[in-house]
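This is the structure alone, sequence omitted:
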């Protein structure tokens, strides 16, 4: 019998190219996101896991809560690319819409107002 069971990826700083900024976006931690950006972290750096930028993590995890609309605005003010795509070609708008939550809907409306497309 083999013990080669697939393991669930547990995100965290230093894992598969995820920075502290990626992790703050993933967790919905607005204060940490601001701290990372003020420290000069790159809002457009992609992780190795999914090829996500912090902005894409904010969208993908919209259903989990946190000040995600504010985080979106903060990332944009710090130069995040609104049109970034994941390694699989997913846009921020697609991820927000797929969240299936009120926060995802709010993010999608905000993205459209900012000029995002799918």
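Ah, there it is. All of these numbers come straight from a predicted model, not from anything done at the bench.

tell me the contacts of the spatially most central residue of the chain?
For the chain, the residue sitting closest to the mean C-alpha position, by CA atoms, centre = their mean, is residue 57 at 1.6 Å. Residue 57 makes contact with 22, 25-26 under the criterion CB atoms under 8 Å, 6 or more residues apart in numbering. C-beta coordinates here come from the backbone N, C-alpha and C atoms, glycine included.

Just send those back as a markdown table, with secondary structure too.
Shown next, in a markdown table, are the contacts of residue 57 (DSSP: H, G, I helix; E, B strand; the rest coil):
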| residue | secondary structure |
| --- | --- |
| 22 | helix |
| 25 | helix |
| 26 | helix |
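
out of those residues, who's nearest residue 37?
Of all the contacts of residue 57, residue 37 sits closest to residue 25, with 10.4 Å by CB to CB.

That closest one is in contact with residue 62, isn't it?
No: applying CB atoms under 8 Å as the test, residue 25 and residue 62 come out as separate, 10.8 Å apart.

residue ranges with poor pLDDT in the chain?
1-9, 11, 14 (pLDDT under 70).

ok, and what's touching stretch 95-104?
56, 59-63, 65, 68-69, 86, 105, 107-108, 111.

repeat for stretch 27-45
Taking CB under 8 Å, 6+ apart as the rule, stretch 27-45 contacts 19-25, 53-55, 58, 61, 64-68, 70-71, 74-75, 78-81, 84.

Which entries within the residues you listed meet the buried criterion?
19-25, 53-55, 58, 61, 66-68, 71, 74-75, 78, 80, 84 (16 or more other CB atoms under 10 Å).
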